[in-house]
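Student: Predicted model and sequence follow; I will ask about them next.
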Amino acid sequence: MQAGVIAVQGDVAEHAAAVEHAAAAHGEPAEVVEVRDAGIVPDCDVLLMPGGESTTISRLIRQEGIDEEIREHVASGKPVLATCAGLIVCSRDAKDDRVDPLGLVDVSVDRNAFGRQKDSFEAKVPVTGLDDPFHAVFIRAPLIDEVGAGVEVLATVDDRPVAVRDGPVVATAFHPELTDDPRIHDLAFFPEREVVA
Ligand code: GLN
């Protein structure tokens, strides 16, 4: 499986480790490629859109022509996991002129707006499809304030969606790549398959 991490900016190495971990559990080694230029995404089976700074990621993927390739990847039904800034970039509306959202996840978001304290917090979050709660790390997380009819909410905190699935895209307001737990990567990339014992 070829896994592309959009690597123009953000926490790339952590996603690479998490997807390798998840894929190995299925007996299917992941070959991770860092995507900084056009021409790589078409060869990828799955994509990761990391956390970081959404205004920068949005500008750079557009500048490099990677944005259209990500849209085509999703249009052909291939999986994406988008976390935090990645969720903002994949959203329908980010309410910020500096972000040109890809419209791949039918949600609207408020940047840096989630949580009582606007910075960082951690929570044990039950997630649809996981047996035990996930230890979720939130860092200046986006608030999902509107969810389209075709979007499945996978997890909430204080009644607010923090993980969603829209077709082949799973998006989280938190950072599953920052804990040593590959279950969200697993959920995104191997939705139908049993872990090899
Ligand atoms: N606040 C960042 C943004 O709006 C996202 C934060 C993150 O990815 N941890 O881009």
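Tutor: On my side now, so go ahead. Remember, it's a predicted structure, so these values are computed and weren't measured experimentally.

Student: Surely T172 touches I88?
Tutor: No: T172 is not in contact with I88 according to C-beta atoms under 8 Å; the separation is 11.4 Å. Heads up, the C-betas are built off the backbone N, CA and C, glycines and all.

Student: Helix, strand, or coil at the residue nearest to F174 when sequence neighbours are not counted?
Tutor: Nearest residue to F174, sequence neighbours excluded (C-beta to C-beta, 6 or more residues apart in numbering): A136, at 3.8 Å. Taken by DSSP: H, G, I helix; E, B strand; the rest coil, the conformation at A136 corresponds to strand.

Student: Show the model's pLDDT score for the residue positioned nearest the centre of the chain.
Tutor: What sits nearest the mean C-alpha location of the chain, by C-alpha atoms, centre = their mean, is A82, with 1.2 Å. pLDDT recorded at A82 is 98.

Student: Need the contact partners of the helix or strand it falls within.
Tutor: Using DSSP states H and E, A82 falls within strand 80-83. Outside strand 80-83, the residues that touch it by C-beta atoms under 8 Å, 6 or more residues apart in numbering are 15, 19, 46-51, 70, 73-74, 89-90, 104-105, 168-172, 174-177, 184-185, 188-189.

Student: name the helices or strands packed onto the very next helix or strand once past that strand?
Tutor: Later in the chain than strand 80-83, the nearest helix or strand by DSSP H and E is helix 85-90. Secondary-structure packing of helix 85-90 (3 or more C-beta pairs under 8 Å, 6 or more residues apart in numbering; DSSP states H and E): strand 46-49, helix 54-63, strand 80-83, strand 105-110, strand 169-172.

Student: so who does V157 touch?
Tutor: A123, V125, A136.

Student: Could you identify the longest helix within this structure?
Tutor: Longest among the helix segments of the chain by residue count, using DSSP state H, is helix 12-24.

Student: can it be found next to the ligand?
Tutor: No: on the criterion C-beta under 6 Å from any ligand atom, helix 12-24 is out of touch with the ligand, staying 11.4 Å away.

Student: Give the buried residues for that helix.
Tutor: For helix 12-24, the neighbour count (16 or more other C-beta atoms under 10 Å) marks V12, E14, H15, A16, A18, V19, E20, H21, A22, A23 as buried.
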